[in-house]
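Trainee: Sequence plus the predicted model coming up.
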Amino acid sequence: MTYETTRKWNAGVLILSAAIAPSVVGHYGHFLMATALIYFLVALSLNILTGLGGQISIGHAAFWALGAYGGALATTHLHLPFPLAILVGSLVAALAGAIVALPALRVSGHYLAIATLAFAVLVQQVLFEWESLTGGRQGLSVPRPEILGHTFTDDQGYIYILLAIAVFCAWITENFRRSHTGRGLLMLKASPIAAQMAGISRARGIILAFTFSAALTGASGALYAHLIGFLSTEAFTFGVSLAFLTMAVIGGLNSYAGAILGALYMTLAPEVFREFENAQMIVYGVVLILCMRFLPGGLASLPSTIAALLSRSKAS
């Protein structure tokens, strides 16, 4: 069996398991599954931007917020159907991503991280102050998703919508990675000078990476808005951006398995570490440090790391 065939079989088993799981877990389990699928889209977006493009963003909460509010307002103010509202949220975030990409053409590293942070702070402040549109400190109510006249009043039905969207986004992401642009981004990450000498446009690659990453994050935000049913700017803070980046690093930046594991970590960690109360951030920091020290490839690299250790022990 070839590597490609094995990957398809693994993906099929995973999708089938995710489709069966809602029937064997309770109501709170449905909410956690829906949340994990939403986070999976954010992890995919960072796999493209950071894992493939080598660009650092600590302002992804801004794209998430723009997608959430864009999708919610498209539903409540423009009365667009649920699928179009998700598309609007994604497009609003994608436009913002293209704008944020402009500074990335001149700066990189921690300078770029500061620029994305400034953008996130700006977006949060604007959403908070624009009370007539976003509700400001009062928040914004979002209706449950509705498709073809059917309203999904519980999270179990919503899971299947999220699963279909997650599979579709993973397919698009895979095509992007294998495209000329995706391979060009990988070359730019490995050696920018050599890539540009080979005719690969750095500007085009970075703008596309930011735009595509923001679009996925925006779609995730719009889906999140309809899951929670209420939006507040407190849900889109700097801490959320750091949590997203941590999720991607702990899961693994260069694989779909890493995106899945990272999304599960971000969903389940608050439940596991709930008893630590005010010390949760310390626990998260320790977990991140340990992962970067012993598993630089994230949780997705754990099987290969264990296999390497076993081979060394046998050799010695």
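Mentor: Ah, there it is. Numbering: from 1, shown residues only.
Trainee: just so I have it, where are all the strands in the stretch 51-200 of the chain?
Mentor: 140-141, 146-147, 150-151 (DSSP state E, counting those that start in this stretch).
Trainee: Can you tell me which of the ones you listed is most buried?
Mentor: Ranked by mean neighbour count, the strands of the stretch 51-200 of the chain are led by strand 140-141 with a mean of 16 (mean count of other C-beta atoms under 10 Å). Heads up, the C-betas are built off the backbone N, CA and C, glycines and all.
Trainee: Output the contacting helices and strands for that strand.
Mentor: With contacts taken as 3 or more C-beta pairs under 8 Å, 6 or more residues apart in numbering; DSSP states H and E, strand 140-141 sits against helix 60-76, strand 230-231.
Trainee: closest one to A170 among these?
Mentor: Closest to A170 of the helices and strands packed on strand 140-141, according to C-beta to C-beta: helix 60-76, at 17.8 Å.
Trainee: Give me the distance from that closest one to the chain's centre.
Mentor: 14 Å (C-alpha atoms, centre = their mean, to the nearest Å).
Trainee: In that helix, which residues are buried?
Mentor: Residues of helix 60-76 classed as buried: 60-75 (neighbour count, 16 or more other C-beta atoms under 10 Å).
Trainee: So what's the residue count around I56?
Mentor: Number of residues near I56 (other C-beta atoms under 10 Å) recorded here: 19.
Trainee: Tell me, what's the model's pLDDT at it?
Mentor: Looking at I56, its pLDDT stands at 83.
Trainee: what do you get for T267?
Mentor: Predicted confidence (pLDDT) for T267: 92.
Trainee: got the contact list for it?
Mentor: If a contact means C-beta atoms under 8 Å, 6 or more residues apart in numbering, then T267 has 32, 35-36, 39 as its contacts.
Trainee: any idea which of the residues you listed is closest to R137?
Mentor: Nearest member of those to R137, counting by C-beta to C-beta, is T35, at 24.6 Å.
Trainee: For the closest one, the count of nearby residues, please.
Mentor: Counted with other C-beta under 10 Å, T35 comes out at 21.
Trainee: related to what we said a few turns ago, could I get the helices and strands packed on strand 140-141 as a markdown table with mean pLDDT and distance to I207?
Mentor: Output for the helices and strands packed on strand 140-141, formatted as a markdown table (pLDDT from 0 to 100; distance: least, C-beta to C-beta, whole Å):
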| stretch | mean pLDDT | distance to I207 |
| --- | --- | --- |
| helix 60-76 | 94 | 15 |
| strand 230-231 | 90 | 28 |
